[in-house]
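Q: Dropping the sequence and predicted coords here.
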Amino acid sequence: MDKHPEVLLELNAVETWHGSLRALSDVSLTVPEGSITVILGNNGAGKSTLLNTILGVLEGQPKNGQISFQGTRIDRMATERIVRSGISYVPEGRRIFSELTVWENLKVGAYVQKDQLSTKKALERVCDFFPLLAERQSQAAGTLSGGEQQMLAIGRALMNGPRLLLLDEPSLGLAPILVRQVFDIISQIRDEGVTVLLVEQNARMALAVADEGLVLDSGELVVAGSASDLVDNAEVEELYMGAPSLPIK
Amino acid sequence: MNDRHIDVVIEPTRDHYEDIQLFTARGSWIKLALLLVVLVSLPLLLPGYRVFTLNYMAVFVIVGLGMNVLVGYTGQVSLGHAGFLAIGAYTMVLLMTRLAVPFPIALVMAGCVSAFFGFLLGLPALRLAGPYLAIATLGFGLAVTQIIGHSALFGGHMGLVVPDAMVGPFPLSGDVSKYYVIVGITFVLALGVRNLSVTRVGRAFRAIRDSEIAAATMGVDVAYYKTLSFAVSAALTGVAGGLLALMTGFISPGVFTFTLSLMFLAMVVFGGLSSITGAVLGSIVMGYLNLEMDAFQELPVLGPALEGFSARFMSTVGLPNFGWVVTGMLIVFTILLEPRGLYGLWIRALDTMKYSKSADAELSRSGSGAD
């Protein structure tokens, strides 16, 4: 049985390679159940690679290390099984199925759920969350606006009834007001009992809603702590949030 | 009846929302019945030699359905489908001549054997995309024709004569009886492929087309569905090959050329990708052109004009190429006019009709509101 019931996801000395390039080295972290954990870092720091490694979509990766979810090893498991065990993913740039209808997109989100009834329940729940998606159910997803597409991508991930939701840059390409909305939704999702692991470049906004924070740099974890600690951390401040107030010439 | 994908169609994934869809689609049942009446009565209304043309077009439609599954639904590409057509045709004919297998069973086997080769071709396709996949499938198509052309079993370049086919106690002798068999099968397969798109499998195909990465992260087994798509597409094309053999009575490697493969790809693009209506329309038009353009001199108005042009400005040797020139120009102009192909034009026409209808209704309503 799990020794730490409060830890939902645990990475232990995980190492991922892209060909001959080491993208993650010796990454160890824990995601506490019921939290929002944010991973910060610059472009190419390995944030997306980390999520893809957890999800098992990188062939033969992680090369070393262990990943356990709810106390079960999931590294080197097929993505389908990982998804079925309760991990959902909102990809970077949304990647909705643009020519499928909104409803079909949601159905693909519940792809690994063979049980019709639970799919139906998940659908009702997602529609409660995003009434807009219910309104647009038979519309081609590509005709939605950027913000609506992000809602759809999140809704699609929730269809799987996940215990852990992975989000890759949910604020990417959205207007500031929509970014705020997306983060509100992410906190709501956490309040409903879904643990969230989030990758973001918008550090300020992400740390405002997050409980825990981690900073990746060149594939290595350099800082880890509570979100409020990270906000006060001078190094993080300098590296990832820009200067507090830029002097005007 | 021919292979497993029909089973997939009846998979009970129906739910509240699809029930609603079915309900609103009730109007389409009437259209379907109407279409059936037209299809049944066509050979009775047309002169005998036209029925041959219809059969040829129906065979093209089945290939179009197969291409639609692969190209339209799953977003893969193939320049080797003439190879599957050949595999289907030769499988059926060899089973009938060598092993005296009855026609219906031989036809099903044609689909199965072709599906197997489709599965094999689908394996390298997992690692290839775009132009690379096109070249790989092109190689496959050419190889099939070469192997058949140089092997005694397949009759070499001389080809094979197709034995008389029977469906139970009934011989399929004339074009009209073949018409009912071919068009009947085409109709059923078209419905099957149409329904496939809204099943779990169909959604997986289309999700892969729209975003392979996202589909994979939802737990869709991309490798499995890509090979399945190739197999289903090849199965349909194999059945079309068997029916082509049935209707022409003779097959030789010269029929299954690279040009034909190119034509197959062109017709789904020309018809409008990812819609059954488009694939069917494109296949009908291209099938007609493929057959009739060989004798374009006999076309009304256009024929004599082109012949005159050719006699005046070009050598007579180039005359047969005119069929291709006209076909090519037609495709180019259609795509320029409407990138969604014939289906796009069809939708536009419907929209225009709807718009003018609703405008009329609006007008009459405002008229009644005024008094």
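A: Cool, the structure landed. Keep in mind that this is a model prediction, so the values were computed, not measured.
Q: What segments of the stretch 151-300 of chain B are helices?
A: B:175-196, B:200-210, B:212-217, B:222-248, B:258-271, B:276-292 (DSSP state H, counting those that start in this stretch).
Q: who in chain A is up against chain B?
A: Contact residues (Cβ under 8 Å from any Cβ of the partner chain) of chain A with chain B: A:55, A:57, A:78-80, A:82-84, A:89, A:91, A:95-100, A:103-104, A:107-109, A:111-112, A:116, A:119-120, A:137-138, A:156, A:160. No exception for glycine: its C-beta is placed from N, CA and C like everyone else's.
Q: right, so the helices of the stretch 151-300 of chain B: which one is the most enclosed?
A: Highest mean neighbour count among those (mean count of other Cβ atoms under 10 Å in any protein chain shown): helix B:222-248, with a mean of 27.
Q: Can you list the helices and strands that that helix packs against?
A: helix B:48-67, helix B:81-98, helix B:103-125, helix B:175-196, helix B:200-210, helix B:212-217 (3 or more Cβ pairs under 8 Å, 6 or more residues apart in numbering or on different chains; DSSP states H and E).
Q: Need the ones you listed in a markdown table (columns: mean pLDDT and distance to chain A).
A: Formatted as a markdown table, those follow (pLDDT from 0 to 100; distance: least, Cβ to the nearest Cβ, whole Å):
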| stretch | mean pLDDT | distance to chain A |
| --- | --- | --- |
| helix B:48-67 | 91 | 17 |
| helix B:81-98 | 93 | 23 |
| helix B:103-125 | 92 | 16 |
| helix B:175-196 | 90 | 14 |
| helix B:200-210 | 90 | 4 |
| helix B:212-217 | 86 | 4 |
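Q: ok, now how distant is B:Gly192 from A:Arg204?
A: For B:Gly192, the distance to A:Arg204 equals 54 Å [Cβ to Cβ, to the nearest Å].
Q: can you check B:Val181 too?
A: From B:Val181 over to A:Arg204 (counting by Cβ to Cβ), the distance is 70 Å.
Q: for A:Asp128, same thing?
A: Distance from A:Asp128 to A:Arg204, counting by Cβ to Cβ: 30 Å.
Q: quick one, which of the helices and strands packed on helix B:222-248 is nearest to B:Leu345?
A: For those, proximity to B:Leu345 was assessed by Cβ to Cβ; helix B:48-67 is nearest, at 16.6 Å.
Q: Endpoints of stretch A:189-196, how far apart?
A: This stretch, stretch A:189-196, spans 8 Å end to end (Cα to Cα, to the nearest Å).
Q: A:Gly41 contacts A:Leu216, correct?
A: Yes. Using Cβ atoms under 8 Å, A:Gly41 is in contact with A:Leu216, at 3.7 Å.
Q: shared neighbours of the two, which are they?
A: For the pair A:Gly41 and A:Leu216, residues contacting each of them under the criterion Cβ atoms under 8 Å, 6 or more residues apart in numbering or on different chains are A:Lys47.
Q: Which residue ranges make up the domains of chain A?
A: Per automatic domain parsing, the structural domains of chain A span A:1-86+A:162-238, A:96-161.
Q: In JSON lines: the ones you listed, plus mean neighbour count and mean pLDDT.
A: Listed next are these as JSON lines, based on neighbours: other Cβ atoms under 10 Å in any protein chain shown; pLDDT from 0 to 100:
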{"stretch": "domain A:1-86+A:162-238", "mean neighbour count": "18", "mean pLDDT": "81"}
{"stretch": "domain A:96-161", "mean neighbour count": "19", "mean pLDDT": "83"}
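Q: out of those domains, nearest to B:Phe313?
A: Comparing the domains of chain A by Cβ to Cβ, domain A:96-161 comes nearest, at 45.4 Å.
Q: Great, nothing more from me.
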